[in-house]
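Participant: sequence and predicted model, in that order:
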Amino acid sequence: MDEFGVIKLIGFSTFFAIAGSLFSGFLSDYLGHRRCLVAVFILWIICFWAGAFVKSASLYLFIGALVGVTLGATWVVSRAMAISLVPEAQIGELFGLFNLVGYISAIAGALFWGLILLLLYRFGEWGYRITFFSLISFMVPGLLFLLRIPDGGRKA
């Protein structure tokens with residue numbers, strides 16, 4: 001995929017992120033934040049798996065749309081769940097910690113991606129595919145941790 005194709009894919013995915021944000025907000029209010037966040041984690045695993053193995057450009061558009069929906073849902077549902085788990089007086093502290101963890105995750109994720117790709121660069125396209133697939137190693141422990149969190153808390 002050329003540079004213009006990547007830009008189109010990002011724009012396309014962004015549109016679906018907006019739609020995913022709106023839809024997931026209503027859905028998580030109806031079904032529960034934890035249940036929806038579990039579904040979001042499962043969608044991420046599907047996206048990473050499919051992104052690692054798909055070769056068709058048209059399927060990448062579908063995956064891009066799914067990634068957009070999943071990213072939008074991640075933003076909305078994770079914050080709604082976090083708010084429901086802490087007392088109202090501690091919401092400021094919560095979002096301070098939430099942002100700190102987000103920044104650390106962005107740095108750790110980029111370093112992980114770069115290190116794995118550096119180790120696998122000699123495999124060409126397969127190095128990228130394996131690196132993409134390796135992102136699942138973050139989602140599975142996160143999902144297992146999420147399943148230990150009680151479903152409930154104060155209403156947002």
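Facilitator: Received it, and whenever you're ready, just let me know what you need. Everything numeric here is computed off the predicted structure, so don't read it as measured data. Numbering: from 1, shown residues only.

Participant: which parts of the one helix or strand in the chain whose mean pLDDT sits lowest are buried?
Facilitator: Least confident helix or strand of the chain, by mean pLDDT, DSSP states H and E, is helix 3-31 with a mean of 88. Neighbour-count burial for helix 3-31, counted by 16 or more other CB atoms under 10 Å, picks out 9, 12-13, 16-17, 20-21, 24-25, 27-28. The C-beta positions use only the backbone N, C-alpha and C, and glycine is treated the same way.

Participant: what comes up buried for stretch 32-50?
Facilitator: 32-34, 36-41, 43-50.

Participant: now, which of these lie within helices?
Facilitator: Among the buried residues of stretch 32-50, the members found in helices (DSSP state H) are 33-34, 36-41, 43-50.

Participant: which pair in those has the greatest spatial separation?
Facilitator: His33 and Ala50 (25.5 Å; CB to CB).

Participant: how would you label Glu93: helix, strand or coil?
Facilitator: helix (DSSP: H, G, I helix; E, B strand; the rest coil).

Participant: got phi/psi on the closest residue to it other than its chain neighbours?
Facilitator: Of all residues not flanking Glu93 in the chain, Val86 sits nearest, at 7.8 Å (CB to CB, 6 or more residues apart in numbering). Note on Val86: its backbone torsions stand at phi -120, psi 150 [degrees, to the nearest 10].

Participant: Val86 touches Leu94, doesn't it?
Facilitator: Yes. Under the criterion of CB atoms under 8 Å, Val86 makes contact with Leu94 at 4.9 Å.

Participant: quick check, distance from stretch 63-76 to the centre of its chain.
Facilitator: The chain centre lies 7 Å from the centre of stretch 63-76; the measure is CA atoms, centre = their mean, to the nearest Å.
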